[in-house]
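Asks: predicted coordinates and the sequence they were generated for:
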Amino acid sequence: MADARRTLRRLGLVVCAACLLLPAAPVAAATARILPAADRAVNARAYPDLVLRGKITKRIAWNKLPTKVAWDGTKAGNINPTLRAVYRGQTLYKLIGLVDDRKAGFNVALARKGYRIQFICKDGYKLIVKSKFIIGKTGYVLARLKNGEPLPDGEGPYRFVGSFIKPFNGKLSARQIVQIRLLF
């Protein structure tokens with residue numbers, strides 16, 4: 001406790017004596033060290049749930065969207081510099097599989113038949129992709145992390161990235177996504 005007070009004095013900060021005596025303060029500090037950076041950022045600013053609308057509707061909390069799939073924009077060639085990063089999230093086809101019908105998994109027959117996938121962004125932009133475009137594509141990612149951190153405000157809460165992004169042709173990337181809607 002004395003070391004903490006000395007350190008704060010050195011930094012020129014004034015600390016309320018009552019704050020030092022609160023038992024919750026050491027617990028909060030210990031928790032902050034244990035949580036990964038991405039989860040600490042969620043506590044600092046709230047992200048909206050991702051809304052998936054198809055035959056059924058699902059809401060996925062930002063911190064519940066898996067980040068097991070990565071797309072490495074640093075290896076994508078001469079692309080927009082903002083995309084030169086490692087994005088982590090979930091494959092689009094797995095997310096679509098949650099709402100494309102009432103059964104578990106991506107419905108390939110329905111996707112071949114054809115429907116449109118609409119990304120709705122905070123700024124009003126709407127990107128539409130054909131369902132045939134994503135069949136079997138594991139490199140198309142709805143990301144929530146960029147280089148291990150939450151997407152910056154200009155890109156988040158979610159961004160659609162993937163191997164479809166080629167040099168000088170990154171038009172399919174959508175940012176600030178808040179909803180994905182299937183149009184049958």
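Replies: On my side now, so go ahead. Every value quoted in this text rests on a predicted model; they were computed, and no experiment measured them.
Asks: CA only for contacts and neighbour counts going forward, please
Replies: Noted.
Asks: mind listing what Ile120 touches?
Replies: By CA atoms under 8 Å, 6 or more residues apart in numbering, the contact set of Ile120 is Lys126, Leu127, Ile177, Val178, Gln179, Ile180, Arg181.
Asks: that one looks like it's in a helix, true?
Replies: No - counting by DSSP: H, G, I helix; E, B strand; the rest coil, Ile120 falls outside a helix, being strand.
Asks: that one and Arg112, how far apart?
Replies: 23 Å (CA to CA, to the nearest Å).
Asks: and for Pro150?
Replies: 34 Å.
Asks: these two: which is more packed in?
Replies: Neighbours per residue (other CA atoms under 10 Å) separate Pro150 from Arg112, with Pro150 holding more: 25 against 14.
Asks: give me phi/psi at the residue positioned nearest the centre of the chain?
Replies: Geometric centre of the chain, nearest residue: Arg144, 1.3 Å, by CA atoms, centre = their mean. In terms of degrees, to the nearest 10, the main-chain angles of Arg144 are phi -120, psi -10.
Asks: looking at it, it is touching Glu155, isn't it?
Replies: No - here Arg144 does not reach Glu155: they are 9.2 Å apart, not a contact under CA atoms under 8 Å.
Asks: and stretch 128-141, which residues are buried?
Replies: Of the residues in stretch 128-141, those buried by neighbour count under the rule 16 or more other CA atoms under 10 Å are Ile128, Lys130, Ser131, Lys132, Ile134, Ile135, Thr138, Gly139, Tyr140, Val141.
Asks: the closest residue to Tyr140 other than its chain neighbours: neighbouring residues, count only.
Replies: In space, and not counting its chain neighbours, Tyr140 is closest to Gly162: 4.3 Å by CA to CA, 6 or more residues apart in numbering. Residue crowding around Gly162 was assessed by other CA under 10 Å; the count is 25.
Asks: what's the pLDDT at Gly162?
Replies: According to the prediction, Gly162 has pLDDT 91.
Asks: need the contact list for it.
Replies: Trp71, Gly139, Tyr140, Val141, Ser173.
Asks: look up how far Lys64 lies from the last one.
Replies: When distance is defined by CA to CA, Ser173 is 22 Å away from Lys64.
Asks: of these two, who's got more company?
Replies: Taking neighbours as other CA under 10 Å, Ser173 and Lys64 compare with Ser173 leading, 16 against 9.
Asks: I'd say that one and Phe160 touch.
Replies: Yes - Ser173 lies in contact with Phe160 (CA under 8 Å); the separation is 5.4 Å.
Asks: lowest-confidence helix or strand of this structure?
Replies: helix 17-21 (a mean of 37; mean pLDDT, DSSP states H and E).
Asks: may I have the secondary structure class of Lys132?
Replies: Classified using three-state DSSP, Lys132 is helix.
Asks: C-alpha coordinates for stretch 147-162, CSV please?
Replies: Presented in CSV, the C-alpha positions along stretch 147-162 are these (Å, rounded to 0.1, in the frame of the first residue of the first chain):
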residue,chain,number,x,y,z
ASN,A,147,-4.5,-7.1,-34.4
GLY,A,148,-5.9,-8.6,-31.2
GLU,A,149,-7.8,-5.4,-30.2
PRO,A,150,-11.4,-4.4,-30.7
LEU,A,151,-12.0,-2.8,-34.1
PRO,A,152,-11.5,1.0,-33.9
ASP,A,153,-14.6,3.2,-33.9
GLY,A,154,-14.3,3.9,-37.7
GLU,A,155,-14.4,0.1,-38.4
GLY,A,156,-16.4,-1.5,-35.6
PRO,A,157,-18.3,-3.1,-34.1
TYR,A,158,-17.9,-5.7,-37.0
ARG,A,159,-16.2,-5.7,-40.4
PHE,A,160,-16.6,-8.1,-43.3
VAL,A,161,-13.2,-9.0,-44.6
GLY,A,162,-11.6,-12.0,-46.4
